[in-house]
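Participant: Predicted structure and sequence below. I'll ask about it afterward.
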Amino acid sequence: MTETPHLSLKFEQLEKAKQIAQNSVPKIQRVPHHLRDRENFAKHYLPRLVSIGPIHHGAEKLQLGEKYKLMWAAMYLERTKQDAQTLYQKIASNIEQLKDLFAEDVIRDFPDDEKLSWSWMLFVDGCSLLQILEKGELQDPKEMNVKVDQLVLVWQDVLLLENQLPYHVLKLLSDHEDDAKLVKSMNEFLKCHHLSPELRSKKQDIGNSMTKDEHRALDEEGYTSVYVKNEDILHGEHKIEISQESPIHLLDQLRRYVLDDPHKKQKNETGNVKKEDQNTNEDLDMTTYRNIQELRAAGIKLKRDKSRRRLRDVSFSYRWMCLCAELTLPQITVDDTTTPTFLNLIAYEMCPDFKNNFEICSFVVFMDSLIDHPEDVKELRAAKVLHNALGSDEDVAKLFNTISADLVPDMESYLHVRRQIEKHYRSKYRTWIALGYHTYFSNPWAVIAFHAALVVLVLTFIQTWFTIHPIG
């Protein structure tokens, strides 16, 4: 067969395809079309005030944001007393390596591929983002010279998948000496997010009895962890060292923050299957319960995880000699930011070059398995597991039912918990015992009523006995 030059090129491309290496880190990219094209979802991936990075740079509706970014960049330079030209040169001398951290289509579609345009864009956006991270407090919008409603939009915009800057850009522009301090500034910014593990609650609980040194130690415990092993990432006139455990970008750090560092490969009580369960109970993999209402009818009580440390802290247990069955869940707040936050975290987990265990996807699917109706949300609120700042309970139920559509979770996530729940749900005697406990012993009034009824029953028996068998 005679090959044409065009066909020969095709075969060369086919041969080279198997040699394409996996990226060591995920590149900044667009939301996959199969996620964006779902009805009413596209708006949750688009910035409303500011663009960060090249994907939405220059959009007409974001021109006000361009003015704000210049202002914030100037404020950052003045506050940190750094020279603008020196910082710009750090970006320019590493621009080719920095561009390689973005997906090919992002680089191709940027309106101007000149070195000057890329360098200036990353320089301004990076300085403004650092100013946002360190001074963008909603309680004090004057620090950013904007109104609070605009700052709220900024908060949402900087956590969109398509609005991310590589951590390496921030490291080049930061005045922090090491990774730990820059990551701490990220965590301080994320601390007020509704998915935050809220380390400050830990401080509030014990803060009155702590010294300044103990507060400082608590900060170190909460914000520095495994940022110890360094390597040279960028090459050029201005080399920097980036930890192998450094976040990819701000959204990646949010994910790590709410999962409490998922890079620690631990098998724990949150759903990873124990070895002894791997080859048993296969018949329990088929879920028969459908929502919280059915679990409540089976005598399972909801309990809030008081530590509030990790989003994935879910467990099932018995108390009081197996009389009380409890499903422990992390406390979450649902508000207007919940949908875009979860959708962008889900889109990040589903990026083809990001290796992960789909922890966020799995959590959303698990919550959807518990929530079908507004009554299920009401039970979560009553147990103080869920704080509804969105609207009606029906709105919350619809939210989880909608964002969980078409997700494929990690099959091992929460499997151990699911099996325990299913085993209890199918066990009639345990269901009766647990239901009886919750009916008659779940609160002091129920206990009093039970004992009062028992006393009445005993007195009635005694009265009846003496009526039938009078004394003398």
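Facilitator: Noted; the coordinates are in hand.

Participant: shouldn't residue 304 be in contact with residue 326?
Facilitator: No. Residue 304 lies out of contact with residue 326 (C-beta atoms under 8 Å); the separation is 10.4 Å. Backbone N, C-alpha and C define where each C-beta goes, glycine included.

Participant: So, low pLDDT: which residues of the stretch 201-350 of the chain?
Facilitator: 201-244, 261-289, 307-309, 320-323 (pLDDT under 70).

Participant: What is the burial count for residue 334?
Facilitator: 22 (other C-beta atoms under 10 Å).

Participant: show me what contacts it?
Facilitator: Going by C-beta atoms under 8 Å, 6 or more residues apart in numbering, residue 334 touches 194, 386-390, 396, 399.

Participant: can you redo the residues you listed as TSV with distance to residue 260 and secondary structure?
Facilitator: Below are those laid out as TSV (distance: C-beta to C-beta, whole Å; DSSP: H, G, I helix; E, B strand; the rest coil):
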residue	distance to residue 260	secondary structure
194	16	coil
386	20	strand
387	20	strand
388	24	strand
389	23	coil
390	25	coil
396	24	helix
399	24	helix
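
Participant: Format the CA atom coordinates belonging to stretch 107-123 as PDB.
Facilitator: Output in PDB follows, covering the C-alpha atoms of stretch 107-123 (Å, rounded to 0.1, in the frame of the first residue of the first chain):
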ATOM      1  CA  ILE A 107      -2.500  29.100  25.900                       C
ATOM      2  CA  ARG A 108      -3.700  28.900  22.300                       C
ATOM      3  CA  ASP A 109      -6.900  30.900  22.900                       C
ATOM      4  CA  PHE A 110      -5.300  33.700  24.900                       C
ATOM      5  CA  PRO A 111      -5.900  36.900  22.800                       C
ATOM      6  CA  ASP A 112      -2.200  37.800  22.600                       C
ATOM      7  CA  ASP A 113       0.600  35.300  22.900                       C
ATOM      8  CA  GLU A 114       3.400  37.800  23.200                       C
ATOM      9  CA  LYS A 115       5.700  37.400  26.200                       C
ATOM     10  CA  LEU A 116       4.800  40.900  27.400                       C
ATOM     11  CA  SER A 117       1.100  40.300  27.500                       C
ATOM     12  CA  TRP A 118       1.400  37.000  29.500                       C
ATOM     13  CA  SER A 119       4.000  38.400  31.900                       C
ATOM     14  CA  TRP A 120       1.900  41.600  32.600                       C
ATOM     15  CA  MET A 121      -1.300  39.600  33.100                       C
ATOM     16  CA  LEU A 122       0.300  37.200  35.500                       C
ATOM     17  CA  PHE A 123       2.100  40.000  37.400                       C
END
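
Participant: buried ones in it?
Facilitator: For stretch 107-123, the buried set under the neighbour-count rule, 16 or more other C-beta atoms under 10 Å, comprises 110, 117-119, 121-123.

Participant: Filter those residues down to just the ones in helices.
Facilitator: 117-119, 121-123 (DSSP state H).

Participant: between the residues you listed, which is nearest residue 415?
Facilitator: Among those, residue 122 lies closest to residue 415 (C-beta to C-beta), at 42.9 Å.
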